[in-house]
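Trainee: what shape does this take:
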Amino acid sequence: MNGLKGRRELKHTITKADCYLLRSNLQNFMKLDPHGEDGKYLIRSAYFDNFENKIMRQKTEGFYHRDKFRARLYDYNTDFINLEKKSKRDNLTYKQKCRLSAEEYEWIRFGDIYWMAEDPRDLIRELYIQMTLFQIKPTTVVDYEREVFIYESGNVRVTFDSHVKTSYRDTDFLNPDLIVVDALDPDYVILEVKYDEFLPDVIKHLLSIINTRKTAFSKYQLSRRYG
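Mentor: Presented below is the predicted three-dimensional model:
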């Protein structure tokens, strides 16, 4: 994809007890993400879709070629927002991103999008085309806490996502007091393993000590289960 390097992703749902065990082992071999406090930070994403749920249906039906757009911020800091495009091509995942201001998000949210057609950022112009052709727009907000471990060989990131919550159809992404409810059973955590060409044996061994169940759903799917 235009010179982008694809990465492999594995997703599993695990219990909090297994998360505690795995975390205890990983910290002996992996580094905590230097961002956030003790490797943890809050993530908020506003996902784009249309009235026909095009993006969700492609995921549910297992399309091997699909794209999704989202706006993302960290620890409720509205001064640093990214627009991201995450693409799936067969078994590889690609991600592109650019900065987005809070004001620009609000323009997009309320349908003021014509400025996007001539914007110098490629991703903004691409989103404009998708919004025009398929009427995608911000559809729901998802919050969760992420804990990240890093292993440099293979460029491995192991993440634990917990306290996954959804706003349903409220897209007031910038509001720190946005009302959200649980989208995932609080007793479970989403484990994600991301790497380049190979997963080192030491990481494979560490992951094998717990009973993992491969997960087909995404946090966006979880957020839309009830509406």
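
Trainee: confidence score at T215?
Mentor: On pLDDT, T215 comes in at 66.

Trainee: ok, which stretches of the chain are strands?
Mentor: Ranges of strands in the chain, per DSSP state E, are 8-15, 31-32, 40-49, 65-74, 81-89, 92-100, 137-151, 156-166, 181-182, 188-195, 213-214.

Trainee: in TSV: these, plus mean neighbour count and distance to L21.
Mentor: Bear in mind the C-beta positions are built from the backbone N, C-alpha and C, glycine included. Output for the strands of the chain, formatted as TSV (neighbours: other Cβ atoms under 10 Å; distance: least, Cβ to Cβ, whole Å):
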stretch	mean neighbour count	distance to L21
strand 8-15	16	9
strand 31-32	14	17
strand 40-49	21	18
strand 65-74	19	27
strand 81-89	18	30
strand 92-100	15	27
strand 137-151	21	14
strand 156-166	20	12
strand 181-182	10	23
strand 188-195	20	12
strand 213-214	8	16
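
Trainee: where among the ones you listed is average confidence lowest?
Mentor: Mean pLDDT is lowest for strand 213-214 among those, at a mean of 63.

Trainee: max-length helix in the chain?
Mentor: Using DSSP state H to define each element, the chain has its longest helix at helix 122-134.

Trainee: what does stretch 199-213 rub up against?
Mentor: For stretch 199-213, contacts defined as Cβ atoms under 8 Å, 6 or more residues apart in numbering pick out 8, 12-14, 18, 21-22, 25-26, 29-30, 151, 153-154, 156, 158, 191, 193, 195.
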